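[1] got a predicted structure plus its sequence, pasted below:
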Amino acid sequence: MNQSSGAGWPLGANPWIWHSPVTADALAEVLPRLARWGFDCVELPLEQPGDWEAAATAKLLDATGPAPAAVIAVMAPGRDLVRADPAAVRATQDYLRHCVDAAHAVGAPVVAGPVYAAVGRTWRMDPAERTSAYEEWREHIAPVVEHAAQAAVRIAVEPLNRYETSLLNTVAQTLDALEGLPGDSIGIALDTYHQNIEERSLPAAVEAAGHRIGHVQVCANDRGTPGADHLDWAGFLRALRAVGYRGALCVESFTAHNDAIAVAASVWRPLAPSQDALAADGLSFLRRAVAAL
């Protein structure tokens, strides 16, 4: 992966900024634009198997330039590894294995996402129930982690904010859930949007996650352009450098003009003058922020 952006952090974007689902046609439109703007890499959301084919996508990536930073697993309703019937667990494991296979085929080092329960699914837990839920999740994710290890792909588990899940909201909870799982095959995906809601300090959360950070997504506190916000970007980036993170920083945001994704992500208004501006201005800000370290 190209690391020309400095500090060992390739800078990327997610096509969700413009499209959902991200199909082969969407990638053919977006990837050349990302290359022209100077992005080093791209996230590849895979909402459903077949949205894009790995072999064709690998060729498109080679032709256009951006490297594959991560395949993004999408936990749609019914995709659950906790408090779910055996058929749902098996189907979710099969989907996650498909994501791993797609990542291996295109050369992405990571599969990232909230790979534990459907986004938007919440329930109350006392401490004993939470401990039991984490044990159940470890049991059900373990075969996927083994499959990922064989493919030389790392799983990165993303804690989400309290409105999108009740299982993993913080780095501390995610570290508890990961206890006993192999760190070289499964780690943590950080997202500044969720951290801003759930963590008392962005740098402290990074320091706590440490070497288990497998992927990083960045956006403003309102899910808009990085830098057009109140976040402690300097502290956040210094902490990433201090813990030795060398992976990508990828701008993840969404469009208010797609009915399905606007509702799923609660994006009710434009978050920038245009989606192109969100991506290009975010890239410019990240370059300046990294250069200032």
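    Done, it's in. Quick caveat, the model's predicted, so the values are computed rather than measured.

[2] which residue ranges of the stretch 151-293 of the chain form strands?
    Ranges of strands within the stretch 151-293 of the chain are 154-157, 186-191, 213-218, 249-251, based on DSSP state E, counting those that start in this stretch.

[3] of those strands, flag the one that's most buried.
    With neighbours taken as mean count of other C-beta atoms under 10 Å, these reach their highest mean count in strand 249-251, at a mean of 28. Just so you know, the C-beta spots here come from the backbone N, C-alpha and C atoms, and that holds for glycine as well.

[4] run me through the strand neighbours of that strand, direction for each.
    Strands that pair with strand 249-251, judged by DSSP bridges, come out as strand 11-13 (parallel), strand 213-218 (parallel).

[5] where does the prediction get shaky in this structure?
    Residues of the chain meeting the criterion pLDDT under 70: 1-8, 258-260.

[6] next one: the residue located most distally from the centre of it from residue 187, what distance?
    Distance from the C-alpha centroid of the chain peaks at residue 128, with 28.8 Å (C-alpha atoms, centre = their mean). Counting by C-beta to C-beta, to the nearest Å, the gap between residue 128 and residue 187 amounts to 26 Å.

[7] list the buried residues of stretch 130-145.
    Applying a neighbour-count criterion of 16 or more other C-beta atoms under 10 Å, the buried positions in stretch 130-145 are 130, 133-134, 136-138, 140-141, 144-145.

[8] which residue is the nearest non-sequential neighbour of residue 120?
    With C-beta to C-beta, 6 or more residues apart in numbering as the measure, residue 164 is the residue that lies nearest to residue 120, at 6.0 Å, once sequence neighbours are left out.

[9] what residues are up against the one you found?
    Taking C-beta atoms under 8 Å, 6 or more residues apart in numbering as the criterion, residue 164 is in contact with 114, 119-120, 122, 194.

[10] give me the buried subset of these.
    Once neighbours are counted (16+ other C-beta under 10 Å), the buried part of these comes down to 114, 119, 194.

[11] do you know how far the second one is from residue 125?
    Summarising the geometry, the distance separating residue 119 from residue 125, computed by C-beta to C-beta, is 18 Å.

[12] adding distance to residue 43 and secondary structure, write the contacts of residue 164 out as CSV.
    Written out in CSV, the entries for the contacts of residue 164 read as follows (distance: C-beta to C-beta, whole Å; DSSP: H, G, I helix; E, B strand; the rest coil):
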residue, distance to residue 43, secondary structure
114, 14, coil
119, 16, coil
120, 21, coil
122, 25, coil
194, 16, helix
